[in-house]
Each structure stands twice: as structure tokens, then as C-alpha cells.
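Trainee: Quick one, fold the following:
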Amino acid sequence: MEFGKKFNKNGFLIVDQILSENQVSDLRNDLKKEFKEKKNFVIYLHNLKDKSLASKILLLLKNEKLKSQLHSMKNFFGKNATLLPRFEVVKNYHVNLKETHGWHRDCGGEMRYAYCKDILYDKKYLFSKVGIYLQENTDFGGSIDIIKNSHLNFSYYRSFLRKIKNVPLRIITFIHSKFNNFYNKISENLFMFLLNGKKLFPKKGSAIIFDTRLIHRGSPISKSKYGEVKFEKGTYQASLNEQNDKYTIYCHFGGSEAVDSLMYDLTKREKNKNEIDLWLKQLEFISTLDKELYEEISQIIKPISAKYL
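Mentor: Modelled structure (predicted):
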């Protein structure tokens, strides 16, 4: 099946092994050094100490296998789409099932506004997250879980159907909130079954591209392994043995309408109101490394930044 059509149907694509075993090992070693003195679990591309590593990551994101599937998506949806900020590297970002079940849509905030809904409900909506996973998905996490087909039914006349399909998640959210001890005694496999969930198992060094309307979460660490993990309370950060450290490289891919919707939401949030400034800072940094990508991103970001700044 053509990649764009497959993405539209399933809400995600797996691009297998865009990195070799040696490339994965080298990147993990590089990132280990970057995070050595960092307490945060996120480093933006422009804040990497090793600027050659930033160049390496941008080159990786333009890998031919990945590029081919993104190009297919672009053609299928008929959008002027490109790789977009945030460009970031994340270490040990994990769901703590004692505090949250982790399920969410990246576009959740946008769904509060009629302006954004007009964009989200467009049949040609294209905005996705691209994650490159430098480990396999094991009992210590490493990739993502999804709720199958949860990116569908985004239209005004099918919104009721979408809400009906969300009932199991609402029930599980209630159980997690009100009966947390009970929730944590139950196998996640049962909850996954009830939610029509699916754990993705990309090979080490593979990429996953997923629709921001798709309900997903980072694959949680198995409850049986909690004795080997230390969670930072109130965060998604965990400390693991080095061999189980999770590293992921993220960015977005999409078109201008979707970015407009995202910024409409984020600029209304106190926590995220400086998001456009962050994107422009990353754009300026990319101009020193990749002129072609800089031009592509500029065509989308600059008109929108002028609108909201």
C-alpha cells in the first residue's frame, strides 16, 4: 500500500532501521555524554554542546527511507509539508502508571477551539510527530502504544461517534483516578484489550511517524520492573540502569494550516506562550547547518509567527 494512503488509514507508519547497529551505538554514546550533567530529560537541537552531533541528527532526519515515506504523505495529502520544530532529543521519558495512564492526543488542547476544529476536521489535515527510537520496546519501554483508529471520525457530523469510541478510555481514566491501587494491580494487557490498544515494536534505529490526532502514550515500563526503576515524582522522568536507558529523537512533519492550529492553542497557554520564539530560535540555528531545510521551514513558520507575535 502506498505510504501516504497507509498513513491516512492507520494513523502511523513505521520506517524500519534507518540506522545501522553501529550508528545506533555511536548515537547512544554521543547522547550519553550530552545528558551526563543534565537534570532535564529534554535537550533541544540548538542546545546540544556538540554542534557536529546536531548536524548528524539533521542529516539522519533526511535519511532516504524516511524521506521517501514523508514525500509520499506530502503527495497524498497535497500539502506543502516539511520537517518542523521542535527538534529535540529525549532521555528516559516514561509514564509512571502510579500517577497517570499516559494516554493522550497531541492535539488535545486544540480540540477546545472552533477555529482549530475547522482545521483538525479537514480531510487533508497533515500534522505528525516523527520519532526515531534508539532501542527496542521491552519491559523497560522504548517505543509507543497507540489506540487503533483513534485518529478517525474527525468531522462535525461524526464527532458523536468519536466520543462513543472514547468511552472505554473515559472509564479507565476514572478507575485510574479514583481506584489507583486497584488499577495498578490489573495487567496492562487487559486495559490494552479494552481500549483496542496496540504496542508498537519497531526495530532499534527505526522511526515512527504518527498523526497528532492519534491517541498514544510512551510504552510504560512493566509493573513487574518497578523495583528496578526510580521515577521523579510529578514528572515523566525515570532513572534506569544504563543498558535500559531510552533515547528518542523527535520533530514534527506537516503543513501550514496545522501549524496555525497548534499555535492558536499554544499561544493561549501561559506555559507554552513562547513556543513561536522557540521555533524561530531553532529556525535560526538550522540556517547555519542546512539552508534547504531552513528555506522549507521558513515558508511555513514566518507567516504564522507574524500572525501571532
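
Trainee: just checking, what packs against the helix or strand containing Ile175?
Mentor: Using DSSP states H and E, Ile175 falls within helix 167-178. Counting contacts by 3 or more C-beta pairs under 8 Å, 6 or more residues apart in numbering; DSSP states H and E, helix 167-178 packs against helix 180-183, helix 188-195. In short, each C-beta sits where N, CA and C put it, glycine included.

Trainee: Would you tell me which of those helices gets closest to Leu84?
Mentor: Leu84 lies closest to helix 188-195 among these, at 29.2 Å (C-beta to C-beta).

Trainee: Does Ser287 touch Ile297 like I think?
Mentor: No - with contacts counted by C-beta atoms under 8 Å, Ser287 stays clear of Ile297, the gap being 9.3 Å.

Trainee: Between the two, point out the one with more neighbours.
Mentor: Ile297 (23 against 14; other C-beta atoms under 10 Å).

Trainee: got a list of what the more buried one touches?
Mentor: Contact analysis of Ile297 by C-beta atoms under 8 Å, 6 or more residues apart in numbering lists Thr82, Leu83, Leu84, Pro85, Leu283, Ile286.

Trainee: between those, which has the most around it?
Mentor: Most surrounded of those: other C-beta under 10 Å gives Leu84, at 27 neighbours.

Trainee: tell me which element that residue falls in.
Mentor: Per DSSP H and E: strand 82-91 holds Leu84.

Trainee: ok, now how distant is Tyr156 from Asp118?
Mentor: With distances taken as C-beta to C-beta, to the nearest Å, Tyr156 is found 9 Å from Asp118.

Trainee: One more: Phe193?
Mentor: 35 Å.

Trainee: So which bits of stretch 24-43 are buried?
Mentor: By 16 or more other C-beta atoms under 10 Å, the buried positions in stretch 24-43 come out as Val24, Leu27, Asp30, Leu31, Glu34, Phe35, Phe41, Val42, Ile43.

Trainee: Next one, pLDDT for the first one please.
Mentor: Val24 is assigned 97 on the pLDDT scale.

Trainee: Give me the neighbour count for the nearest residue to it once chain neighbours are set aside.
Mentor: Using C-beta to C-beta, 6 or more residues apart in numbering and skipping the chain neighbours, the partner closest in space to Val24 is Gly205 (4.4 Å). Taking other C-beta under 10 Å as the neighbour definition, Gly205 ends up with a count of 22.
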